[in-house]
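Trainee: Turn this into a model:
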Amino acid sequence: MNILFVCSAKAWGGNEKWTSMAMKALSTEHQLFFIGKSDALLNKFGRYNNATCLPFRSYLDLKTFYALKRFILKNRIDLIVSTKKKEYFMCGILSRQLGIKHLMRLGVSRKMNIPFWHRLNYRSLNDGLIVNAHYLKEELKQYSLFDKHPIHVLYNGIPGFNSEDQFMHGKNGAKFVIVSSGRITKQKGYGLLIDAISRLDKSILNKLEVRIIGEGRNKKEFETQVANLKLEDTFLFTGFVNQPTKLMQDADLFVLLSEREGISNSILEAMTLGIPVLSTDTGGIKELLEDGKTGFLVERNAMAVAQKLTDIIKTIDTNKHVGLNAFKRLQQNFAFDIFEKNICSLFNTILKNR
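Mentor: Numbers count the residues shown, from 1 in each chain. Have a look, this model is predicted:
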């Protein structure tokens, strides 16, 4: 079957990683096609079957709409998968015009508070939603517009990590290394992490190294915050790195203090390395982390984070089982071979019913 993925992203993030991963998994059984917005990102998604870019200037950009329609007809697309808000409506209209299937991928929760628009866009113009956590499905099912509408939970896989991989984490450095990675924005909690680190006892600060891996619109602001708190000797901002796990392998702890999160790809990457994770209890995080068993959870305020960090650092030798338990959970639910099997099964079932 011919499957078209559409992603109008301007920057690379968790949603874009999922799109690339889903296409890779499905390409073993189907013909894959891709339309994006940013030519700079095209190679990251993979140049599948005449992959191209369109402007996506608005929810109904007519130039993009008709170019997308021509692409679908020319390549005899059987199923469209839309992944961003800007293309949901457009792909939905085309799927109904052309009599083909349309799936929407949601990576975070959304408020359904505009009855006509949300019923049209999120139900009438698609054949089902794909979400990456059970909490997202439960949140959506609270809205009556999703009664009897298919919502498929498909946990993210991790490229390069398979269910037969072995636990390898080891630590030899003198410093206690904390890492965090992802898009550098306020929502991800980097400012909160810096504030919490500044509250630690000097005896802990002296043996601490914190690496912030990635780029984002608030990076300069956080660098200034570090400078103002005189923490330049503690923090390292690495910028964008193609393989962030190379800067994470020797870490003692991964920290992500997001305001909102589905199931974080960055957290999954850390867990493949056996690194214990500290996170706020938001979104689907509880489907990954049980406090003290497969990770650590903390309230989203600086004093609580500082106290939790102090406790973890002081007891790190007695908490080595946390990283191992997290690794085992990944093997069972988030390995790429498990993801590949699950997504192929889901799409084959949908395509048989077209």
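Trainee: Parallel or antiparallel, which strands does the helix or strand encompassing residue 102 pair with?
Mentor: In this assignment (DSSP states H and E), residue 102 forms part of strand 101-106. Strand pairing for strand 101-106, determined by DSSP bridges: strand 79-82 (parallel), strand 129-131 (parallel).
Trainee: Adding mean neighbour count, write those strands out as JSON lines.
Mentor: In short, each C-beta sits where N, CA and C put it, glycine included. Formatted as JSON lines, the strands paired with strand 101-106 follow (neighbours: other C-beta atoms under 10 Å):
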{"stretch": "strand 79-82", "mean neighbour count": "25"}
{"stretch": "strand 129-131", "mean neighbour count": "22"}
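Trainee: do you know which of the ones you listed lies nearest residue 45?
Mentor: strand 79-82 (12.3 Å; C-beta to C-beta).
Trainee: Output the closest one in CSV, but only the C-alpha positions, please.
Mentor: Extracted C-alpha coordinates of strand 79-82, given in CSV (Å, rounded to 0.1, in the frame of the first residue of the first chain):
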residue,chain,number,x,y,z
LEU,A,79,-3.5,6.5,3.5
ILE,A,80,-2.4,9.9,4.7
VAL,A,81,-0.8,10.4,8.1
SER,A,82,-0.8,14.0,9.3
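Trainee: Pull the residues that contact the longest helix along the chain.
Mentor: For the chain, the helix that runs over the most residues, judged by DSSP state H, is helix 336-352. Identification of contacts with helix 336-352 by C-beta atoms under 8 Å, 6 or more residues apart in numbering yields 1, 3, 21-22, 25-26, 28-30, 78-79, 101, 103, 127-128, 130, 152, 154-163, 332.
Trainee: now those: which count as buried?
Mentor: If you count burial by 16 or more other C-beta atoms under 10 Å, the buried members of those come out as 1, 3, 21-22, 25-26, 30, 78-79, 101, 103, 127, 130, 152, 154-158, 161.
Trainee: In helices, which of those residues fall?
Mentor: The helices, defined by DSSP H, take in 21-22, 25-26 from the buried ones among the contacts of helix 336-352.
Trainee: Mind putting the residues you listed into JSON lines with distance to residue 178?
Mentor: As requested, these are exported to JSON lines (distance: C-beta to C-beta, whole Å):
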{"residue": "21", "distance to residue 178": "27"}
{"residue": "22", "distance to residue 178": "31"}
{"residue": "25", "distance to residue 178": "32"}
{"residue": "26", "distance to residue 178": "36"}
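Trainee: out of those residues, who's nearest residue 58?
Mentor: Relative to residue 58, the closest of these is residue 22; by C-beta to C-beta it sits at 25.7 Å.
Trainee: circling back to that earlier point, save the strands paired with strand 101-106 as JSON lines, and put in mean pLDDT and distance to residue 337 too.
Mentor: What follows is the strands paired with strand 101-106, written out as JSON lines (pLDDT from 0 to 100; distance: least, C-beta to C-beta, whole Å):
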{"stretch": "strand 79-82", "mean pLDDT": "98", "distance to residue 337": "21"}
{"stretch": "strand 129-131", "mean pLDDT": "96", "distance to residue 337": "19"}
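Trainee: Turn the ones you listed into TSV, including distance to residue 295.
Mentor: Shown next, in TSV, are the strands paired with strand 101-106 (distance: least, C-beta to C-beta, whole Å):
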stretch	distance to residue 295
strand 79-82	31
strand 129-131	21
